[in-house]
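In: missing the sequence, but the structure's below:
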């Protein structure tokens with residue numbers, strides 16, 4: 001033992017159990033050896049006097065308290081200098097000091113946690129007991145304590161872990177639960193019930209009754225899963241099921257967690273969380289819809305159709321029942337889009353989709369491929385082709401009738417018709433791609449036959465399509481190898497003198513010989529090859545004009561070249577024409593570009609700007625087939641035209657048809673007023689020529705006057721006359 005004198009030096013303790021300063025009441029003797037015994041006790045023992053100051057500390061206490069012992073010896077507790085902390089880390093109030101409490105209450109204080117300030121806080125678990133004198137007053141307070149710093153750290157760590165877990169669960173949508181398997185009553189957190197619209201503790205939130213909230217279709221599967229899990233030895237689990245919400249609907253949840261087992265592997269406890277999958281399922285559904293359904297109409301898209309068709313063809317082959325794929329394309333839809341705008345076009349597509357839904361059967365399959373193309377697939381049409389054709393014809397008639405009814409678009413009625421191609425399928429193996437191609441070919445046959453009708457595919461269509469594909473490939477090769485020749489049909493004035501000519505292109509095909517433009521121009525436009533072909537023709541025409549400029553008999557002639565609307569759409573059309581003229585050295589004033597009225601369906605401002613740019617360099621423009629298109633007379637004033645060509649369909653009926661004669665007279669009068677030259681094409685009889693000349697037409701073209709000739713022949717014939 002150690003006790004202290006006034007100069008703070010440790011001096012040998014007197015041989016009694018609780019040494020106190022000399023002269024204090026209660027000073028009694030103690031058995032020999034107690035001092036040494038207290039020094040080997042693994043706990044601190046400190047004795048305070050009635051004034052609360054320390055006058056004794058054993059070896060453990062001295063080592064643990066260090067300099068704090070001196071403060072406690074010199075200063076009473078009331079001085080506030082003792083470096084003690086409360087369990088929460090704040091300074092220890094005087095009233096909570098164990099020594100002060102014993103002195104004040106005369107009662108023991110057990111297991112009080114104190115902190116001792118220093119370089120690092122040490123935590124002590126203290127018990128304080130009073131020692132009474134003969135007069136019954138507290139003479140001493142004996143304080144015993146152990147170091148509980150590590151326990152305090154573990155306690156704080158546990159508290160921090162609990163707080164982290166609480167915050168994580170509070171900030172997430174996960175609902176915690178815990179189940180000691182020996183107890184039929186699991187613990188379900190407040191969040192568990194909140195997901196279902198309940199407040200924990202209210203009626204209907206009995207934890208043991210949770211199975212009653214599981215969807216009836218999911219409960220057997222969930223029970224089987226739990227039973228299998230408990231006997232399998234697995235530690236982790238994961239399962240989805242549905243729980244009934246207070247509002248009556250079901251909430252999809254993902255339950256996952258851990259199975260705690262004893263040393264023998266027997267499951268003793270399950271803990272986990274439920275995650276609300278409502279938003280996840282909605283997102284999955286949205287992703288599915290975006291992947292497999294058309295955004296505009298809500299119909300299945302091409303991808304879903306292809307997946308469905310694979311199954312349909314398998315069923316059809318197995319059942320030996322015929323089916324049909326109906327390819328629907330809206331007539332003149334592009335014109336509606338171009339004139340009224342894509343918003344109006346979208347309105348029409350949505351209404352068409354609605355009518356298709358209302359017309360087909362529940363068992364039929366409907367899809368939108370894109371643009372104005374829809375597909376209807378029919379199943380179980382009978383075991384013979386004749387029966388399938390009949391049933392499909394009935395459905396086709398219904399579709400034609402439904403889609404031909406007026407549509408209300410932008411507050412006005414609009415009529416639209418479909419062209420429908422049909423490809424049948426049955427027990428013979430086929431592919432989805434082949435059926436789509438066949439139905440597509442049949443649809444184009446329907447358009448070619450006047451639109452608003454249904455056509456069935458037959459092998460002849462496939463053969464024609466293959467010929468078309470081969471022709472396009474040959475056309476591409478022909479352009480690359482320049483297998484095209486220029487022919488020129490002369491144009492004569494009313495006085496019979498040569499006035500100019502129109503350039504016409506012929507294709508010198510290796511196998512088919514000389515091919516007329518009527519057989520390949522439409523294909524060139526549809527395939528986009530008209531642009532390189534047109535530039536090739538223009539380039540050669542300019543070289544001809546440059547050569548003729550040196551010829552005394554041909555230098556005054558102008559040449560007309562047809563220009564497609566596809567060429568005019570090219571952004572660099574003006575630059576390419578001017579570059580061609582400059583490279584050849586041709587006089588721009590001898591070049592006339594013939595346009596059809598279809599160009600007026602393009603961007604009018606852009607077309608006008610391109611025409612004016614070329615007109616400033618001397619290039620002239622002629623409006624071909626005037627009166628057969630849909631242009632307005634206002635365009636004659638808006639565009640820099642120099643010439644009108646009366647279409648051969650009007651000339652053919654002259655002079656006997658009074659209506660044709662009136663139209664020709666009107667065109668001539670209009671051209672005279674606008675100071676435009678008029679060329680009548682398709683003149684094949686003397687009577688036609690005489691009528692036109694008599695009514696003021698000054699330039700004529702046709703087989704009566706001269707057929708198209710190869711350029712060398714034209715030059716030889718008219719250059720030497």
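Out: All right, it came through fine. As the structure is a computational prediction, the values presented were derived from the model and not from experiment.

In: what's near enough to touch residue 174?
Out: 191, 273-275 (Cβ atoms under 8 Å, 6 or more residues apart in numbering). The way it works is simple: take the backbone N, C-alpha and C, and place the C-beta from them, glycine included.

In: who wins for most neighbours among these?
Out: residue 274 (24 neighbours; other Cβ atoms under 10 Å).

In: Mind giving me the packing neighbours of the strand or helix carrying that residue?
Out: Using DSSP states H and E, residue 274 sits in strand 267-276. Packing contacts for strand 267-276, counted by 3 or more Cβ pairs under 8 Å, 6 or more residues apart in numbering; DSSP states H and E, involve strand 174-180, helix 190-195, strand 236-244, strand 250-261.

In: and the shortest one, what does it pack onto?
Out: Helices and strands touching helix 190-195, by 3+ Cβ pairs under 8 Å, 6+ apart, are strand 174-180, strand 267-276.

In: Tell me which of those lies nearest to residue 458.
Out: strand 267-276 (57.7 Å; Cβ to Cβ).

In: Return the mean pLDDT over whichever helix or strand comes after that closest one, rounded to an integer.
Out: Next in sequence after strand 267-276, counting helices and strands by DSSP H and E, comes helix 278-292. For helix 278-292, the mean pLDDT works out to 90.

In: which residues are in contact with helix 278-292?
Out: 251-252, 300-301, 303-304.

In: buried residues in that helix?
Out: Neighbour-count burial for helix 278-292, counted by 16 or more other Cβ atoms under 10 Å, picks out 278, 292.

In: and if you look at stretch 124-143?
Out: Going by neighbour count (16+ other Cβ under 10 Å), the buried part of stretch 124-143 is 124-128, 130-131, 133, 138-143.

In: hang on, the earlier thing: any idea which of the contacts of residue 174 is closest to residue 588?
Out: Of those, the one sitting nearest to residue 588 (Cβ to Cβ) turns out to be residue 275, at 76.1 Å.

In: Contact partners for the closest residue to the closest one other than its chain neighbours?
Out: Distances taken as Cβ to Cβ, 6 or more residues apart in numbering put residue 254 closest to residue 275, at 4.5 Å, once the chain neighbours are dropped. Going by Cβ under 8 Å, 6+ apart, residue 254 touches 238-240, 274-275, 277.

In: from those, which is closest to residue 208?
Out: When those are compared against residue 208 (criterion: Cβ to Cβ), the nearest one is residue 274, at 16.5 Å.

In: what about that closest one, distance to residue 558?
Out: 86 Å (Cβ to Cβ, to the nearest Å).

In: before we move on, what about residue 261?
Out: 100 Å.

In: Then residue 704?
Out: 21 Å.

In: So for these two, which sits in the more crowded spot?
Out: residue 558 (20 against 16).

In: My understanding was that that one contacts residue 587; is that so?
Out: No - using Cβ atoms under 8 Å, residue 558 is not in contact with residue 587, being 9.2 Å away.

In: gap between the two ends of stretch 180-200?
Out: With Cα to Cα, to the nearest Å as the measure, stretch 180-200 spans 20 Å from end to end.

In: can you check stretch 162-180 too?
Out: 20 Å.

In: ok so, going back, need the per-residue pLDDT for the residue nearest to residue 275.
Out: For residue 254, the model assigns a pLDDT of 94.

In: Quickly list what it is bridged to.
Out: On DSSP bridges, the residues paired with residue 254 through beta bridges are residue 240, residue 275.

In: before we move on, what about residue 498?
Out: Listed by DSSP bridges, the beta-bridge partners for residue 498 are residue 492.

In: From residue 556, how far out is it?
Out: In terms of Cβ to Cβ, residue 498 sits 9 Å off from residue 556.

In: Check residue 563 too.
Out: Using Cβ to Cβ, which is the criterion applied here, residue 563 is 23 Å from residue 556.

In: the more surrounded of these two?
Out: Just comparing residue 563 and residue 556: by other Cβ under 10 Å the higher neighbour count belongs to residue 563, 23 against 13.

In: mind listing what the nearest residue to the more buried one once chain neighbours are set aside touches?
Out: Nearest residue to residue 563, sequence neighbours excluded (Cβ to Cβ, 6+ apart): residue 593, at 4.7 Å. Neighbouring residues of residue 593 by Cβ under 8 Å, 6+ apart: 560-561, 563, 577, 614, 619-622.

In: Number of residues surrounding the residue nearest to residue 493 when sequence neighbours are not counted?
Out: Take residue 493 and drop its neighbours on the chain: the residue closest to it by Cβ to Cβ, 6+ apart is residue 499, 4.6 Å away. Counted with other Cβ under 10 Å, the neighbours of residue 499 add up to 20.

In: Next one, pLDDT for residue 499 please.
Out: 93.

In: With residue 224 instead?
Out: 94.

In: got it, and residue 461?
Out: Note on residue 461: pLDDT of 63.

In: same question, residue 26
Out: Residue 26 carries a pLDDT value of 33.

In: quick one: low-confidence ranges for the stretch 601-721 of the chain?
Out: 601-602, 627-632, 634, 721 (pLDDT under 70).

In: before we move on, the earlier item: any idea which of the contacts of residue 593 is the one closest to residue 208?
Out: Nearest member of the contacts of residue 593 to residue 208, counting by Cβ to Cβ, is residue 563, at 86.4 Å.
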